[in-house]
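Student: Predicted model and sequence below, questions to follow.
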Amino acid sequence: MITPAFTVEQDAEYVRVLITAPLLNLAAVDFAVDGAMFKFVSHPYFLRLRFPGELTEDGRESCTYDSDTGVVIAALPKKVPGEVFEGLDLLTTLLARKPPTRPARPLIEVIGETPAEPTESATDPAEFDWEVEQAIPEEAEAGAGADRAEHGAALETAGYGFAQRYSGTLGKICDEVPGVIELRGPDHASEADRKAQRLATEDERFDAEHYACDHAERNEPGTLIHEALHFAPLWAEWPETVPSATAGEAARDCAFTAAEAEEMRRLPRKEYLVDSVKAELIALVDIVYAWAYNHRVTQGEHTVESAWTVATVSATLSFLARHSTVYEAVVASLRRAVAYPLVRSFALATLVLEDTKAIFRLGLRGVLKCLLDARTVLLHDEVKRYLADLYLTDCCVWLQTLPEKAISALSTKLDAIEVSAAELGWPLGQIEAIVDADDDDSHEEGVDSGPDSDESTDSDDVSSNESDESDDREATGTADSEATANAPTGQMLADAADDLMRRGRDDGEVVDARGGTAPAEAERAVVPWRFANPWIDTRQLPTREMTLCGTLVVVHQQVGADIDVHHNTGLILWDASYVLARFMEVRLGPGYFCGKRVIELGAGTGLPSIVAALLGGVVVATDLDEALPLLRTNIGEATATTPELDVSVERVVWSADLVHPQAPFDVVVCSEIIYDRGCHEALLSCLLALAGPATEIFFAYKRRGLGEDDFVQRLRCEHRVTDVPQTALEHDFQGARIHLLRVRLLTVGTCGTATAAPPV
């Protein structure tokens, strides 16, 4: 039988059930009223609703069909006219079965036992102290370790998911689908282990330089952080629910949309035994916070990254956290908001906290609307969808059974919480002060530290600084008596970031990750990828070190080589290669690359190939003879550090006669290889020989006015091309004339035979 779509309305005399049933057989409609229960039957539909008040069968009940709308309207008289039925918009609750009746007296009599205290579920939520009880683990008995080793006893672990209902399943899922959560060993991690892992990972992920850059851009119109700070969220238009309001008034304040009503109708009809109501209510705080963060940053329109954002900002979803207090949940949310997403700002994080408070002030329905939307976002992501089943589906069902005062009590507690930047454990105030002082100096002395894009040259691409030559000399610390006003302040920021890294808290460029003494020139590599950074220049560094996919990646380059547009371009690391590698890590991840066959053309120093292998791909890095020794060095160092990488190096000459035994590949990555017009025809022929109908090709390049635009125009004419938006690129390089394309060839050759499309 099919449960039809329906909504419920009421007035003083009647409850009206509006049923939408496209396959309705009007000749076989039957309905019945029995106390609080209403049944509707018309094959193939069956609907049973249980109302919070009594109905009556006194001859006034009716069932009519509106032919204009195709809706059946069942008018059911109330037994007590004027009675207000609460929660008629919570459709899952109306569909629930009648709870099992409890015996009038206990079936087991316990003699000599002290009467049990009232269970938490029976306690008035308004009286909660909002602290989950904790117990100090008992000291292990002597010989317990030997006994455990001898008998192989299972480790004591905590469950996970809503109400801790699951265990022993998530580890298998994570083995098959990497990236579902961050927690390592979820099936064997206690609550203490989870918290320790989370705090350590957040410290590693915090990037002082990224944070400083976002803080510097907070007042610049058009930047992501400026737009997020000035966005008016959706719930600002919703009136707040008055605690004493009737259910009808509350429903009008936060009315569910047709899509939300349909989601609730499709939720399972379950009942839950919840050991700790407080713990589950506290978990709502960081989940709603994560949803509110995504809503503000995306300005109310979900993106392909929304599922990642919601799942990552929420400690409950990413680390299976179980917070003991509301304050702990708030601090965890703010820490993750300034350590993980693209936009990182304490001002933004606290603004999202105010958004979260506003949502909880809306009451149960406001919170439920957010959770339903978060559930939909996760269900549409092939990796994060498992979290919807672990937490949000059950949570959305359970939430509808709670009294409104439970959310009201939590809202009151949440409103009283204020968190300072110092409480997050990172020197945010120090970083902001350095940036603010730098801004003040720039305004006072008229220093222009921005890039001069009109006069930049090709060689500028390997440097984070695109200023003129005099700025370069001043920025690199040469013995010039007229240093810029920015240089001292910039060095202060570099020193602060370096201090953070020595404490293991910076996930940016690692100066000396192996404990040795860093060379003098590497001290300027604290922030080697800062676009338009007037005090850092890395063109002369023979080795660059960076953390990608949680691994220290070392890239050697031959900065002294004679490089021009036709010679030795593969001997240095170009900015577009780094942008592509970061996009692969952050935006695609292991869920995209795991097990796929990947080839990089014109690999040069091999950074994208290394990242693709770290993400689980089976990779072939290719180039010409002049670049192969350096490419083999970088790939060899990566495989020596991470032996499980599956990456090889080959010599490939672009031509229509190319035959590769692994073709067609699943993914082809290319960076900075389309500038030479003389190679365009051979490159297209090579791609046709290597790609199949399902192959996705990535092109990363910087526009220099050479042959890039010609090649891209031809791609757009002959094949399917998608531009990756600038906001999806590494934050430092947005607006830096670096572009990323995702391409599907519409004309492909078979293995060994290239069928080139006609020239434009």
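Tutor: Good, I have the coordinates.
Student: And residue 199, its phi and psi?
Tutor: Dihedral pair for residue 199: phi -60, psi -40, per degrees, to the nearest 10.
Student: Look up how far residue 20 lies from it.
Tutor: Distance, residue 199 to residue 20, by C-beta to C-beta, to the nearest Å: 50 Å. From N, CA and C alone the C-beta is placed, and that goes for glycine too.
Student: And residue 404, by the same measure?
Tutor: Residue 404 sits 28 Å away from residue 20, taking C-beta to C-beta as the criterion.
Student: And for residue 182?
Tutor: 42 Å.
Student: Likewise for residue 594?
Tutor: Distance from residue 594 to residue 20, counting by C-beta to C-beta: 43 Å.
Student: now swap in residue 702 and tell me
Tutor: Separation of residue 702 from residue 20 (C-beta to C-beta): 55 Å.
Student: Residue 674 too?
Tutor: Distance from residue 674 to residue 20, counting by C-beta to C-beta: 54 Å.
Student: Looking at residue 404 and residue 20 now, which is surrounded by more residues?
Tutor: Per other C-beta atoms under 10 Å, whichever of residue 404 and residue 20 has more neighbours is residue 404, with 19 against 15.
Student: Skipping adjacent residues, who's closest to the more buried one in space?
Tutor: Nearest residue to residue 404 in three dimensions, chain neighbours excluded: residue 364, at 5.3 Å (C-beta to C-beta, 6 or more residues apart in numbering).
Student: dump the residue contacts of that neighbour.
Tutor: Residues near residue 364 by C-beta atoms under 8 Å, 6 or more residues apart in numbering: 399, 400, 402, 404, 406, 407.
Student: can you do 7 Å?
Tutor: By C-beta atoms under 7 Å, 6 or more residues apart in numbering, the residues touching residue 364 are 399, 402, 404, 407.
Student: right, and out of the residues you listed, which lies closest to residue 275?
Tutor: residue 402 (15.4 Å; C-beta to C-beta).
Student: Just give the number of residues close to that closest one.
Tutor: Per other C-beta under 10 Å, the neighbour tally for residue 402 reads 18.
Student: Which secondary structure state is assigned to it?
Tutor: Recorded secondary structure, residue 402: coil (DSSP: H, G, I helix; E, B strand; the rest coil).
Student: Kindly provide the distance from it to residue 53.
Tutor: For residue 402, the distance to residue 53 (C-beta to C-beta) stands at 19 Å.
Student: what's the answer for residue 696, then?
Tutor: According to C-beta to C-beta, residue 696 stands 57 Å off from residue 53.
Student: residue boundaries of the helices in the stretch 151-300 of the chain?
Tutor: Using DSSP state H, counting those that start in this stretch, the helices of the stretch 151-300 of the chain run over residues 170-176, 191-205, 208-216, 224-229, 247-253, 258-266, 277-297.
Student: Take those helices and lay them out in JSON lines including mean pLDDT.
Tutor: JSON lines is the format used below for these (pLDDT from 0 to 100):
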{"stretch": "helix 170-176", "mean pLDDT": "83"}
{"stretch": "helix 191-205", "mean pLDDT": "91"}
{"stretch": "helix 208-216", "mean pLDDT": "90"}
{"stretch": "helix 224-229", "mean pLDDT": "91"}
{"stretch": "helix 247-253", "mean pLDDT": "41"}
{"stretch": "helix 258-266", "mean pLDDT": "85"}
{"stretch": "helix 277-297", "mean pLDDT": "93"}
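Student: Any chance of JSON lines for these, columns distance to residue 308 and mean neighbour count?
Tutor: Conversion of the helices of the stretch 151-300 of the chain to JSON lines gives the following (distance: least, C-beta to C-beta, whole Å; neighbours: other C-beta atoms under 10 Å):
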{"stretch": "helix 170-176", "distance to residue 308": "15", "mean neighbour count": "14"}
{"stretch": "helix 191-205", "distance to residue 308": "14", "mean neighbour count": "17"}
{"stretch": "helix 208-216", "distance to residue 308": "17", "mean neighbour count": "23"}
{"stretch": "helix 224-229", "distance to residue 308": "16", "mean neighbour count": "19"}
{"stretch": "helix 247-253", "distance to residue 308": "32", "mean neighbour count": "17"}
{"stretch": "helix 258-266", "distance to residue 308": "21", "mean neighbour count": "16"}
{"stretch": "helix 277-297", "distance to residue 308": "9", "mean neighbour count": "25"}
